[in-house]
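>>> Have a look; sequence and predicted model below, questions after that.
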Amino acid sequence: MRSHRCGDLRVDDVGKEVMLCGWVDRRREHGEHLAFIDLRDRSGVIQVVVQGAADLRSEYVLQVTGKVRERPSETVNDSLDTGGIEVEGSEVIVLAESEPPPFPIDDRTDVDEVLRLRHRYVDLRRSRLQNNLQSRALVTSSVRKAMEEQGFMEVETPMLVASTPEGARDFVVPSRKDPGSFYALPQSPQIFKQLCMLGGVDRYYQIARCLRDEDLRADRQYEFMQLDIEASFVNGEDIRNIVSSAVAVATEAVTGEKITTIPSITWQEAMERFGSDKPDVRFGLELVELTDLFKSTEFRAFQAPCVKGIRVPGGAEFSRSRLDELTDKSQNWGAKGLAWIKIENSEMVSPIAKFLSEEEKSSLKAEMSGEEGDLLLLVADEWSTVCHVLGLVRLEIGRPPINEGGFHFLWIIDFPLFEGTDENGNPSSSHHPFTMPHKDDLALLEDGETEGIRSLAYDLVLNGWELGSGSVRIHRQDIQQRIFTALGIEPDEARKRFGFLLDAFKFGAPPHAGFAVGLDRLTAILVGEENIREVIAFPKTQSGSDPLTSAPLPIDDRHLKELGLKVLPPST
RNA sequence: GGUCCUGUGGUGCAGUUUGGAGUGCACGCCGCCCUGUCAAGGCGGAGGUCGCGGGUUCAAAUCCCGUCAGGACCGCCA
């Protein structure tokens, strides 16, 4: 139906007879004698000149036959790639008419997102999404190539799997043949990729769809894509090098930026300095350790296991309402309060100034390198609360837009093996129960310790977003048994929950390790989008609905009955 | 489960603080004019459940309560 794409034509094509197809992007009519039509397809826009009246409207689909000609020099449009030429339309066929679109197909209008999602097929015509989807395709094709070149083999794993009690809430699929039983949709191919290693696949990868029924965020959808990787006879560093080169290839493909080495810091350091296990290192405002300084303070609020602060250069200008807002948020995030101190006219100006001794004030200023005009923000509490809250305060105050400051990849290593406790008071795995403990901490595990044990788990972080995580897996049954014991999982229970996997490990398990990279997030950051919905063709809203198809929807009773299901009335 | 923000012709906004006639701006739409525009231009016109429900008031887009939808975040996400 067409000989060329609109945006591909150049001055070299002058004189050619072409046939183009596309949408009416914009029209400029000059009465019954002359009209200019900007014809748009995926490649771009070209001006079609029509002699005589043209009864065309926005978004009509046209097939245009005509000759490419150079524009008169005074009418060249430098802001268009095709601006030096135009097509003299000799025949214009309307392939489809269009009602006026529900919103403008341009880049200037910031349209309500529900409207965009309801008419996503129209939204997709806009260059923002066209470009984003193109970049997304570039990410997947380039990482595929990178993985293949490193000797990885793509293996597909099932979408209908057994539900496991670990991790996120599962999406479930009722079994028709076995009413009352359910498949789960995979949260990740974790088990299967490890089984691939048992199966001698050696180097596995997959661009895998993962599903988790947890509340959505700007960087979270129910379903998302991962570059999933597992390799045998490698250590964690090998895996990190493999992943580093894959994301570097993707970054260069999309942005042209070369990523050479990706620095590593330990989880401990990330928490101490940035109050986060996914630090955004594009800006300062690092946390300052102040616990010792207030060791014997008279001020009750600072008599806590941990005190840290952030120095905000120039922050003395913060208004009272801004500080109150920060305090409210800090409390919402779990702190008892947020202490603020302004350094004005060489004085420590603060509601709490009177509770601090002169010595405390001067050493605080020195410790935090406080200068005239600065604001000092302090939190005192348990170590984890202090880090968590100040980490969020830091982002609230200083975080730049996602597309500023380049691409700061960072490896976070030496995660703790356990974190928190479950409802029975047993420690929980911070990554998953098959994560290999750090070899230097194996002795602690022997002693029945759980606190302070590091694991061979690692995360990849980009500009403050967790891009993915992975670990060295346990391939020895004795160590696995120790972990289950530490987690309070009895042998019977372990057999029930992970029996098939434990069985598999009896038959010659190679040492292996793996990783998974969130491709929606990677793509979003590479194209400078704050929200992964902008790099997904058909995303869901924050409440998990799809305004286009109205999913989720009830199903009829006959269908329910066939599946052996009954819907309870909404609880009140 | 929680905190905060948003909802006004088809679209994007202003108006809400301090209640007084559906008032305004830009784009789009419809009609007419226009032979070199390119976010074309000129003239004219149509288009409104101010998300929804209730309350206060002589009077509510505006104040109060509730609710729905959307968004950001905390919890949650091995």
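Thanks, I have the structure now.

>>> nearest residue to the closest residue to RNA strand B within the stretch 401-550 of chain A other than its sequence neighbours?
Distances between the stretch 401-550 of chain A and RNA strand B by Cβ to the nearest atom of the strand are smallest at residue A:542, namely 2.8 Å. Every residue, glycine included, has its C-beta placed from N, CA and C. Spatial nearest neighbour of residue A:542, excluding adjacent residues (Cβ to Cβ, 6 or more residues apart in numbering): residue A:216 at 4.9 Å.

>>> Now that neighbour. Its backbone dihedrals?
phi -90, psi 160 (degrees, to the nearest 10).

>>> Next up, the contacts around it.
Neighbour list for residue A:216: A:222, A:540-544 [criterion: Cβ atoms under 8 Å, 6 or more residues apart in numbering].

>>> Would you list the buried entries among those?
A:222, A:540 (16 or more other Cβ atoms under 10 Å).

>>> Might one say that residue A:232 is in contact with residue A:199?
No. Counting by Cβ atoms under 8 Å, residue A:232 stays clear of residue A:199, with 10.0 Å between them.

>>> Pick out whichever of these two has more residues nearby.
residue A:232 (20 against 13; other Cβ atoms under 10 Å).

>>> neighbours around the closest residue to that one other than its chain neighbours, how many?
The shortest distance from residue A:232 to any non-neighbouring residue, by Cβ to Cβ, 6+ apart, is to residue A:510 (4.0 Å). Counted with other Cβ under 10 Å, residues neighbouring residue A:510 total 15.

>>> can you check residue A:491 too?
Using other Cβ under 10 Å, the number of residues around residue A:491 comes to 11.

>>> if I pick it, what's in contact with it?
A:481, A:484.

>>> rewinding a little: the residue nearest to residue A:232 touches residue A:472, doesn't it?
No. Counting by Cβ under 8 Å, no contact exists between residue A:510 and residue A:472, whose distance comes to 12.0 Å.

>>> that older thread, tell me the contacts of the residue nearest to residue A:232?
A:197-198, A:200, A:232-233, A:475 are the contacts of residue A:510 under Cβ under 8 Å, 6+ apart.

>>> With residue A:231 as the reference, measure out to it.
For residue A:510, the distance to residue A:231 equals 10 Å [Cβ to Cβ, to the nearest Å].

>>> joint contacts of those two?
residue A:197.

>>> thinking again about what came up before, ramachandran angles for the residue nearest to residue A:232?
For residue A:510, the backbone dihedrals are phi -80, psi 150 (criterion: degrees, to the nearest 10).

>>> just the residues of the stretch 351-500 of chain A that are near RNA strand B, which are they?
With Cβ under 7 Å from any atom of the strand as the criterion, the stretch 351-500 of chain A meets RNA strand B at residues A:388, A:392, A:428-433.

>>> With pLDDT and secondary structure added, can I get those in TSV?
Shown next, in TSV, are those (pLDDT from 0 to 100; DSSP: H, G, I helix; E, B strand; the rest coil):
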residue	pLDDT	secondary structure
A:388	97	helix
A:392	97	helix
A:428	86	strand
A:429	88	strand
A:430	88	coil
A:431	87	coil
A:432	88	coil
A:433	90	coil
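
>>> Only whichever of the contacts of residue A:510 are buried, select them in ChimeraX.
Selecting just the buried residues from those in ChimeraX takes one command, with 16+ other Cβ under 10 Å as the test:
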select /A:197,198,232,475
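
>>> ok, of the contacts of residue A:510, which one's closest to RNA strand B?
residue A:197 (14.7 Å).

>>> Okay, the residue lying closest to the closest one once chain neighbours are set aside and residue A:106: tell me how far apart.
Nearest non-adjacent residue to residue A:197, counting by Cβ to Cβ, 6+ apart: residue A:512, 4.1 Å away. According to Cβ to Cβ, residue A:512 stands 50 Å off from residue A:106.

>>> In terms of neighbours, single out the busier of the two.
Ranked by neighbour count (other Cβ under 10 Å), residue A:512 and residue A:106 place residue A:512 first, with 25 against 12.

>>> Which members of the contacts of residue A:510 occur in helices, if any?
A:197-198 (DSSP state H).

>>> Going by distance to residue A:331, which of the contacts of residue A:510 wins?
residue A:475 (45.8 Å; Cβ to Cβ).

>>> Need the per-residue pLDDT for the closest one.
For residue A:475, the pLDDT comes out at 93.

>>> Ok, residue A:571 next?
62.

>>> The helix or strand that contains residue A:500: what's the following helix or strand?
Assigned by DSSP states H and E, residue A:500 belongs to helix A:491-504. Using DSSP H and E, the helix or strand that follows helix A:491-504 towards the C-terminus is strand A:512-518.

>>> Right, I'll call it a day here.
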